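Visitor: model this:
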Amino acid sequence: MKRLEKREHPFLQPEQSLPKADVEFAALWRQTIPEDIADPDVTTQYDPEHKLQQLRYEMRGQSEIFALHAFLIAILRRRPTSELARQLFLRLWSEDGAKLAKELAPRWLISAATTFADHGATTDQRLGGQGLALLFDLIKLHDSERRLSGRLNSSGFPRIKGRSKDDLAFDLEGYSLRRGDMDKNILARLWRHGENDQVIAPLCQRMLGDLVREPRTVFARIQRYKNRRAS
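Guide: Presented below is the predicted three-dimensional model:
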């Protein structure tokens with residue numbers, strides 16, 4: 001908790017670096033961050049203007065809307081946070097969610113989900129964001145450890161004959177790889193949040209759509225066992 005609270009230390013007067021609540025997003029979509037902008041000098045980690053310029057440098061050549069979106073997320077990770085940043089984040093996803101979901105890199109999709117979890121306007125936004133962020137964080141955690149084996153993440157582990165299966169933590173029963181439906185239920189529950197709320201719907205559809213098409217996750221590997229049974 002101390003580590004988390006240290007990371008949540010707020011920016012100094014972040015509203016001074018934010019546009020007005022009624023900013024025209026369409027104009028920001030049309031503006032491109034120059035490719036030749038300089039890497040900003042380090043000032044302080046609590047300076048919101050420095051953070052914004054860091055993000056613009058990272059996203060040079062892209063639309064200014066992506067820098068604003070990332071800046072809103074950065075502000076909303078801090079405590080106490082900015083109500084103006086929350087209003088802008090929710091308004092941006094309400095008006096331009098489909099465009100954002102289509103264009104954002106996975107890193108920023110996950111960050112957006114985390115922000116919905118903390119600042120969503122509805123229960124479905126908060127639960128959907130929390131579920132999506134946790135799901136993708138656990139995939140990253142699990143498969144980062146798994147790849148130490150040297151095996152492709154698109155390839156399942158072979159059964160080692162003559163060796164007993166280790167017990168699961170907490171004395172849980174092992175999941176039936178061929179007959180179980182827990183993996184499908186996890187995704188279906190998250191999909192439902194998108195069906196119930198049109199603001200987070202584009203984010204749910206993009207992230208879950210990417211997941212079911214990606215062959216390098218535990219979900220894809222389990223599906224091969226199910227397909228083998230069906231054949």
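Visitor: where does Gly61 fall, helix, sheet strand or coil?
Guide: coil (DSSP: H, G, I helix; E, B strand; the rest coil).
Visitor: what's the neighbour count on it?
Guide: Neighbour count of Gly61, defined by other Cβ atoms under 10 Å: 10. Just so you know, the C-beta spots here come from the backbone N, C-alpha and C atoms, and that holds for glycine as well.
Visitor: OK, contacts around it?
Guide: Contacts for Gly61 (Cβ atoms under 8 Å, 6 or more residues apart in numbering) come out as 32-33, 35.
Visitor: Same question for Glu8.
Guide: By Cβ under 8 Å, 6+ apart, the neighbours of Glu8 are 77-79.
Visitor: tell me what the helix or strand encompassing Ala70 is packed against?
Guide: Element membership for Ala70 (DSSP states H and E) is helix 64-76. Helices and strands touching helix 64-76, by 3 or more Cβ pairs under 8 Å, 6 or more residues apart in numbering; DSSP states H and E, are helix 25-30, helix 48-58, helix 83-103, helix 106-119.
Visitor: possible to save the ones you listed as JSON lines with mean pLDDT?
Guide: Formatted as JSON lines, the helices and strands packed on helix 64-76 follow (pLDDT from 0 to 100):
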{"stretch": "helix 25-30", "mean pLDDT": "98"}
{"stretch": "helix 48-58", "mean pLDDT": "95"}
{"stretch": "helix 83-103", "mean pLDDT": "98"}
{"stretch": "helix 106-119", "mean pLDDT": "98"}
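Visitor: In space, not sequence, find me the middle residue of this protein.
Guide: Geometric centre of the chain, nearest residue: Ile110, 0.5 Å, by Cα atoms, centre = their mean.
Visitor: Asp143: neighbour count?
Guide: Other residues lying near Asp143 total 14 when counted by other Cβ under 10 Å.
Visitor: Counting by contacts, list what the lowest-mean-pLDDT helix or strand in the chain packs against.
Guide: The weakest-scoring helix or strand in the chain, judged by mean pLDDT, DSSP states H and E, is helix 218-230 (a mean of 82). Helix 218-230 sits against helix 123-146, helix 182-196, with contacts defined as 3+ Cβ pairs under 8 Å, 6+ apart.
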